[in-house]
Structure formats: C-alpha cells, structure tokens
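> One predicted model, sequence on top.
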Amino acid sequence: MQAKVVMVMDWKRTLAMWAGTDAFKSKLHEAERIIYEALATHDKPYVAYSGGKDSTCMLHLVLRRCPDVMVLHWDYGPYYIPDWLRSEFVENAKKIGAVNLRIETSKDYLRLKRHAVNVLGREYMGKLIPSLAGEGYDLCFVGLRREESLKRRRRIDAKKSITQIPECWPLANWSWRDVWAYIFANNIPYASIYDIYAPVVGWDKARLVTFFDPEFNHLGASNLDGVLMWKFKNMQ
C-alpha cells in the first residue's frame with residue numbers, strides 16, 4: 001500500500017514539473033488568450049463543470065479572469081454517481097472559487113434509477129439549454145480537447161457547438177499531460193476517483209464517466225468499474 005502511495009506521489013510530482021516547460025507555458029498563454037477574448041466579446045457566459053479533470057482545470061482558468069461567472073453542474077443522481085463523489089464535485093468547485101454555482105438535475109434519475117436513458121439529451125440539451133439561452137446566456141466554456149477522440153477533434157475543427165449556445169474550448173489543444181500539470185502545479189482540488197483509477201490504468205487513461213450507466217458504457221471500462229466500484233454496482 002505504501003509503495004502504491006509513493007508511486008502516485010512520484011507521478012504527481014513528475015507531471016507538476018511539466019508545468020515549467022516552454023511547451024506547457026505556450027499552451028497556457030493560448031488558453032488564457034482564448035478566455036480573455038471570449039469574455040470580452042460576450043455578455044453572459046457560463047462554465048460547464050462536470051467535476052472531471054478537464055472541466056476542473058478550465059474552471060480554475062476562467063475564474064481567475066471572471067470570479068463571478070456562472071458555473072453550471074449537471075447532477076446525474078445517486079444511481080450513476082456515488083453520493084461521496086457528487087459531494088466532492090460541489091465542494092471542489094467552491095474551493096476553486098465558484099461563488100455563482102448552479103446545480104441542475106432531472107427527477108427522472110430518481111424515478112427511473114439506472115433505467116434513466118437519454119436524460120441528458122432530453123432534459124439538459126432539450127430543455128435546460130434553451131432555458132439558459134432565454135435567460136441571456138450567450139457562451140458556454142467547455143473543457144473539450146482534440147486529443148480525447150477523433151469525433152471531438154472533428155467537432156472542434158469544424159467549430160461545431162452541440163446546442164444553440166455557442167461553445168468556447170480553451171483547452172482544445174491541451175494534452176492529458178498539460179491538464180494534470182496545471183492541476184498539480186497549482187494544487188487544485190480534483191475528484192479523488194482519479195487516485196483510484198490512475199494507478200491501475202495510468203494518468204493518461206484515467207477518466208470520469210457515469211458508473212454502470214448503459215447509455216455511456218461505450219465511454220467507460222465496465223469490467224474495470226465492476227472491480228474498482230463493485231460496492232456501487234448493485235445499489236438499489
């Protein structure tokens with residue numbers, strides 16, 4: 001157990017050192033410029049914060065420039081995200097500096113439990129986003145990165161927002177190493193689930209996705225979740 005802790009700490013120190021490289025500093029300056037220009041050209045932006053590493057990194061960057069920006073967190077409910085982790089998301093956002101934190105969810109998560117399929121598309125994109133547009137929100141900061149997948153690379157290259165509110169991707173050109181370097185170098189609180197998964201799959205592959213969610217099985221390693229999150233698997 002002690003060797004495992006030492007290995008994790010060594011990785012964190014190594015990744016934090018990357019923040020001192022010219023390559024990283026160039027990415028950081030680019031992200032800061034993108035955020036500055038986006039804030040200067042839009043009246044009412046908000047940050048989409050999932051609690052994952054990318055949105056955590058992006059949230060910190062945006063709050064440095066605009067401390068009172070609205071931070072939107074979508075709660076997937078207790079059947080897809082454990083209560084302790086859901087609480088961490090909220091507490092981490094507050095520790096990072098979010099003072100205008102808005103948490104939205106759907107009653108379908110409690111009503112349908114793990115049979116709640118396409119709730120995100122139906123409730124978040126279909127109802128919440130149009131409502132936000134009606135409130136005057138005209139830009140959404142999203143922690144999307146080209147490196148994550150070919151689909152996301154194509155979407156970024158095409159400048160394609162998936163809702164009626166335009167999106168801004170400050171981390172589009174960042175790698176997983178850049179994200180962790182920023183988090184560790186700045187001692188930013190992040191979801192502890194990464195400390196469970198990263199020693200097994202690597203910091204480059206550690207991800208955050210709803211657990212035992214049939215809609216997103218293609219994004220996660222369900223077999224690995226069954227081993228590391230087995231206590232959560234049979235929640236009733």
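That came in fine, so what should we check first? Numbering: from 1, shown residues only.
> how close does residue 158 sit to residue 152?
Distance of residue 158 to residue 152, computed by C-beta to C-beta, to the nearest Å: 11 Å. C-betas here are computed from N, CA, C, even on glycine.
> between these two, who's got more neighbours?
Each of residue 158 and residue 152 has its neighbours counted (other C-beta atoms under 10 Å); residue 152 has more, 15 against 8.
> Buried residues, the helix or strand harbouring the more buried one. List them.
Using DSSP states H and E, residue 152 sits in helix 150-157. For helix 150-157, burial by neighbour count (16 or more other C-beta atoms under 10 Å) applies to 155-156.
> can you check stretch 187-195 too?
Neighbour counts over stretch 187-195 (16+ other C-beta under 10 Å) mark 188, 190-191, 193-194 as buried.
> And the contacts of that stretch?
Stretch 187-195 is contacted by residues 8, 51-53, 56-57, 60, 85, 88-89, 91-92, 95-96, 182-183, 203, 206, 208 when judged by C-beta atoms under 8 Å, 6 or more residues apart in numbering.
> how long is it end to end?
Between the start and the finish of stretch 187-195 there is a gap of 15 Å, counting by C-alpha to C-alpha, to the nearest Å.
> Strands of the chain, start to end?
Taking DSSP state E as the test, the strands found in the chain are 45-48, 70-74, 101-104, 139-141, 167-168.
> So which residues make contact with the third one?
Spelled out, that is strand 101-104. Against strand 101-104 from outside (C-beta under 8 Å, 6+ apart): 46, 70-75, 90, 93-94, 124, 128.
> what's the burial count for the residue lying closest to residue 123 once chain neighbours are set aside?
Spatial nearest neighbour of residue 123, excluding adjacent residues (C-beta to C-beta, 6 or more residues apart in numbering): residue 106 at 4.2 Å. Per other C-beta under 10 Å, the neighbour tally for residue 106 reads 20.
> got the contact list for residue 106?
Counted by C-beta under 8 Å, 6+ apart, residue 106 has contacts 77, 116, 119, 123-124.
> per-residue pLDDT, it?
Looking at residue 106, its pLDDT stands at 95.
> how near is it to residue 181?
Counting by C-beta to C-beta, the gap from residue 106 to residue 181 is 35 Å.
> returning to that earlier point: what's the closest of the strands of the chain to residue 36?
Closest approach to residue 36 among the strands of the chain (C-beta to C-beta): strand 167-168, 11.0 Å.
> for this protein, which spans come out with low pLDDT?
Filtered on pLDDT under 70, the chain yields the residue ranges 1-9, 216-223, 236.
> just so I have it, where are all the helices in it?
For the chain, the helices defined by DSSP state H occupy 2-17, 22-41, 53-65, 83-96, 108-112, 119, 129-134, 150-157, 176-185, 193-201, 222-228, 230-233.
> Am I right that residue 164 is in contact with residue 130?
Yes. Assessed by C-beta atoms under 8 Å, residue 164 is found in contact with residue 130 at 6.7 Å.
> hang on, the earlier thing: the helix holding residue 152: how far from the chain's middle?
Relative to the chain's own centre, helix 150-157 is displaced by 17 Å; criterion: C-alpha atoms, centre = their mean, to the nearest Å.
> got it, and stretch 72-89?
The gap between where stretch 72-89 is centred and where its chain is centred comes out at 12 Å by C-alpha atoms, centre = their mean.
> What's the end-to-end length of it?
One end of stretch 72-89 to the other measures 11 Å (C-alpha to C-alpha).
> Now do that stretch: everything it contacts.
For stretch 72-89, the surrounding residues in contact (C-beta under 8 Å, 6+ apart) are 46-51, 90, 93, 101-106, 109-110, 113-114, 116, 120, 124, 132, 140, 191-193, 210-213, 229, 232, 235.
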